[in-house]
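Chemist: compute the structure for the input listed below.
(one chain, ligands or ions: 1)
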Amino acid sequence: MTKPVDATSTAAWTALAQLKQDLRPDLRAWFDEDVSRAADLTFDVADLRVDLSKNLVTREVIAALLRLAEEVKLPERRDAMFSGQHINVTEDRAVLHTALRLPRDAKLEVDGQDVVADVHEVLDRMGAFVDKVRSGEWVGVTGKRIETVVNIGIGGSDLGPVMVYEALIPYKQDGLTARFVSNIDPSDVYEKTADLDPETTLFIVASKTFTTLETLTNARLARTWLLDGLVARGAVADDDEARQAAVAKHFVAVSTALDKVADFGIDPANAFGFWDWVGGRYSVDSAVGLSVAIAIGMDGFRDFLAGFHAVDEHFRTTASERNVPLLMGLLNVWYVNFFDAHSHAVLPYAQYLHRFPAYLQQLTMESNGKSVRWDGTPVTTDTGEIFWGEPGTNGQHAFYQLIHQGTRVIPADFIAVANPARPLKDGDEDVHALFLANFFAQTAALAFGKTEEEVRAEGTAEDIVPARVFAGNKPTTSILAPALTPSVVGQLIALYEHITFVQGVVWGIDSFDQWGVELGKKLALEIAPAVNGDEEALAKQDPSTQMLLKWYLGQRA
Ligand code: F6P
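Modeler: Below is the predicted model of the structure:
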């Protein structure tokens, strides 16, 4: 195993610490003194235009961050990932989500297996199935075409599909809708199915492991809902054979554990596989994206994959000075480790991206929320900032106050598209232009603030001048795309995947395992009998949990 380099022991880290100590952030002066700052710190990656110039960095800082990347051997680690080495050391797995979007004629053999051929075999099977559902050739057990697809999954088997589906609603086929059930709170499956017609509903059970309690419980609830509904209306006979035939027409699965899919009663012919080298949170571009593919069609899904691939190629081959995911990942390290930033806001000015921050929470926090390095030794510095956000302009009327005038540094990524899917007008006024005026205004306000003199010049009473001053120098990155196409959505995801990777390498952590979610899962199963009133199990709980459980049991009707 290659040992992680301790970033804090590098010469670049020492230089960065000194640079931070000497830094007096002054974006007004920096832009005044350096007329090419904006141009020099703006980059293109595939269709994305990324402006880093409103970050709290000088050219010296950027040079030192790039030296840090070299010193922690980031290029080697990146190449190891792309070539299929087992960089997920705690699970002894390759990390190859990038292979999911390789074109058909690419070559990649890993552990003796032609990975590209495997990926395209599944994509072709998905394509055939997607076409059948969309054309109406695939029908439910009573011969009706599918109108609603319900994806049942959680974590990476939910957040990616729901985010991308919502982002690409303008591309979906009329008459076909997708819904997403994830929570084991039974109200989720209830509300998502209550108004559906079982004869026109197709369930996709998406689970990498096919052991996840939430997903399997919801899948069973959905199967009961389907069969009860069909039997009650006399559409299906009340016997095992008829029930099995109905499940075969209304349930498909996506998993790496195809044997378990068969045990659940889903026809293996209707199961789409993927591989252990795809992490759950990196899987929306695998068969896990089936609900998206059905909604937007296989051509759209292939465009989506091409978008990822364009950014992969940028990350793999572009010189460090212009490598956007590398620079953005290093900037995040700069803020976390040298500014003590605890969180990072992601603010899409695109309502269709409203689930993007939630999606990024799993991607970034499940990946980099670690306190040991990949060789088992403790991390040597802070890791894993909290990612959060909401679409603009809603956030402006909620939490932006804290970003503008709070005491913490909160780096923020602003994302917008030039051409909206719904270019509505309010009379003569282009509403999208009004919307984006906010996008541009916010990053300028955060960067340049408002001085005491400017506040006074507005005639503000002296005693409230301090409250109306904006310090400025709040770091932001602006990301613009021509339009929210399937390719652009793929590009955005790949961008953040690689940013996450860069941070993980600097911190020396395995960004591809998630042992931290195991304890809670195990305890929930152990505690379940106590929640059902088992006295012996209750007595084994700690005093606080016992009291809570007793109160809960007393409240149950
Ligand atoms: O929450 C832990 C986790 O393992 C995630 O990493 C994963 O995306 C999710 O559970 C769902 O897992 P599966 O796809 O195996 O059901």
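Chemist: going by neighbour count, which residues of the one helix or strand V119 maps to are buried?
Modeler: Per DSSP states H and E, V119 falls inside helix 115-135. For helix 115-135, burial by neighbour count (16 or more other Cβ atoms under 10 Å) applies to 115-116, 118-120, 122-123, 125-127, 129-130, 133-134. For every residue, glycine as well, the C-beta is placed using N, CA and C.
Chemist: ok, now stretch 53-67?
Modeler: Going by 16+ other Cβ under 10 Å, stretch 53-67 has these buried residues: S53, K54, N55, L56, V57, V61, I62, A64, L65, L66, R67.
Chemist: any residue of stretch 82-101 touching the ligand?
Modeler: No. Counting by Cβ under 6 Å from any ligand atom, the ligand is not contacted by stretch 82-101; separation bottoms out at 11.1 Å.
Chemist: adjust the sequence numbering to begin at 57 for everything that follows.
Modeler: Will do, 57 is the new start, and the previous item becomes stretch 138-157.
Chemist: how far out from the middle of the chain is that stretch?
Modeler: 18 Å (Cα atoms, centre = their mean, to the nearest Å).
Chemist: measure that stretch end to end?
Modeler: Counting by Cα to Cα, to the nearest Å, you get 12 Å between the two ends of stretch 138-157.
Chemist: got the contact list for it?
Modeler: Applying Cβ atoms under 8 Å, 6 or more residues apart in numbering, the contact partners of stretch 138-157 are 57, 133, 136-137, 164-167, 171-172, 175, 330-335, 338-339, 341-342, 361-362, 364-365, 368, 372, 430-431, 546, 550, 553, 566, 568-569, 571.
Chemist: just the buried residues from the residues you listed, in PyMOL please.
Modeler: Remark: buried members of these, expressed as a PyMOL selection using 16+ other Cβ under 10 Å:
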select buried, resi 133+136+137+164+166+171+172+175+330+331+333+334+335+338+339+341+342+361+362+364+365+368+430+546+550+553+566+568+569
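Chemist: show only the entries of the contacts of stretch 138-157 found in helices.
Modeler: Using DSSP state H, the members of these that fall in helices are 133, 136-137, 171-172, 175, 361-362, 364-365, 368, 372, 546, 550, 553.
Chemist: what's the closest of these to E518?
Modeler: E553 (50.9 Å; Cβ to Cβ).
Chemist: pLDDT of stretch 310-327, averaged?
Modeler: In this model, stretch 310-327 has a mean pLDDT of 93.
Chemist: so is that stretch next to the ligand?
Modeler: No. Judged by Cβ under 6 Å from any ligand atom, stretch 310-327 stays clear of the ligand, getting no closer than 7.7 Å.
Chemist: now that stretch - C-alpha only, CSV.
Modeler: Written as CSV, here are the backbone C-alpha positions of stretch 310-327 (Å, rounded to 0.1, in the frame of the first residue of the first chain):
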residue,chain,number,x,y,z
VAL,A,310,-30.6,-2.5,-10.3
SER,A,311,-27.9,-4.0,-8.2
THR,A,312,-24.4,-5.6,-8.0
ALA,A,313,-26.0,-8.6,-6.1
LEU,A,314,-28.1,-10.2,-8.8
ASP,A,315,-28.6,-13.4,-6.8
LYS,A,316,-30.3,-11.4,-4.1
VAL,A,317,-32.6,-9.8,-6.7
ALA,A,318,-33.8,-13.2,-7.7
ASP,A,319,-34.5,-14.1,-4.1
PHE,A,320,-36.8,-11.1,-3.8
GLY,A,321,-38.8,-12.5,-6.7
ILE,A,322,-37.7,-10.1,-9.5
ASP,A,323,-37.0,-11.8,-12.8
PRO,A,324,-33.2,-11.8,-13.3
ALA,A,325,-33.9,-10.9,-17.0
ASN,A,326,-35.2,-7.6,-15.6
ALA,A,327,-32.2,-6.8,-13.5
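Chemist: that's all I had, so thanks and see you.
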